[in-house]
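Enquirer: What follows is a predicted protein model with its sequence.
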Amino acid sequence: MARASAGTRKRNHSHRHSGLRLVPDSDVVLIEEPEPRCLVLRGLGHPDCPEFYVAVEAIEGVAQVLRGAMERAGRIGESIGLVEKSWNYRRDEGVWQWKARVLVPASITATAVELAKHLAGRGPFVEAVCLMPVGGYTVH
């Protein structure tokens with residue numbers, strides 16, 4: 001690996017391991033970041049239908065529980081994003097497909113999401129919220 005000039009740092013965006021590692025006898029710092037994750041909820045129906053708004057409230061509720069838990073744990077440097085919404089119309093099927101997602105830190109586990117779903121309340125939309133790697137988030 002080439003040395004960076006004095007005072008500069010290089011980032012290694014390998015998404016396999018987390019942590020900071022100093023290279024001995026070097027001014028290069030490698031930062032290995034884990035793969036980003038997101039909460040995802042998908043469904044069918046027109047974006048103006050009441051079910052879509054209920055679904056968005058469900059994923060926001062789960063994200064809010066996770067935000068509160070992170071804040072109480074003192075994890076200030078990590079953040080949970082806002083809800084991103086998208087939809088498309090499938091002419092061949094005559095149906096709208098929608099997706100809602102929220103980016104979360106890689107440290108959020110499936111167990112934490114399940115607990116947050118339980119605390120956010122029950123319902124078909126809350127139960128359908130899942131944790132996925134961002135790379136696994138694909139279009140229908």
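Expert: Structure received.

Enquirer: Doesn't P47 belong to a helix?
Expert: No - using DSSP: H, G, I helix; E, B strand; the rest coil, the assignment for P47 is coil, not a helix.

Enquirer: Find the residue closest to it in space, skipping its chain neighbours.
Expert: Sequence neighbours aside, W87 is the residue nearest to P47 in space, at 4.8 Å (criterion: CB to CB, 6 or more residues apart in numbering). Bear in mind the C-beta positions are built from the backbone N, C-alpha and C, glycine included.

Enquirer: Can you give me the neighbour number for the one you found?
Expert: 16 (other CB atoms under 10 Å).

Enquirer: mind listing what it touches?
Expert: Counting by CB atoms under 8 Å, 6 or more residues apart in numbering, W87 touches P47, W96, Q97, W98, K99.

Enquirer: Likewise for G81?
Expert: G81 touches V102, L103, V104, counting by CB under 8 Å, 6+ apart.

Enquirer: these two touch, right, the second one and L66?
Expert: In other words, L103. No - L103 lies out of contact with L66 (CB atoms under 8 Å); the separation is 11.3 Å.

Enquirer: what's the distance between the residue positioned nearest the centre of the chain and G94?
Expert: The geometric centre of the chain, computed from its C-alpha atoms, lies nearest to C38 (CA atoms, centre = their mean), at 2.0 Å. Applying CB to CB, to the nearest Å, the value for C38 to G94 is 29 Å.

Enquirer: same question, H118
Expert: From H118 to G94 the distance is 36 Å (CB to CB).

Enquirer: for C38, what are its contacts?
Expert: By CB under 8 Å, 6+ apart, the contact set of C38 is R101, V102, L103, V104, L131, M132, P133, V134, Y137.

Enquirer: Are any of those residues buried, and if so which?
Expert: R101, V102, L103, V104, L131, Y137 (16 or more other CB atoms under 10 Å).

Enquirer: And the next helix or strand past the helix or strand hosting the third one?
Expert: When elements are assigned from DSSP states H and E, L103 belongs to strand 95-104. Moving toward the C-terminus from strand 95-104, the first helix or strand encountered (DSSP H and E) is helix 110-120.
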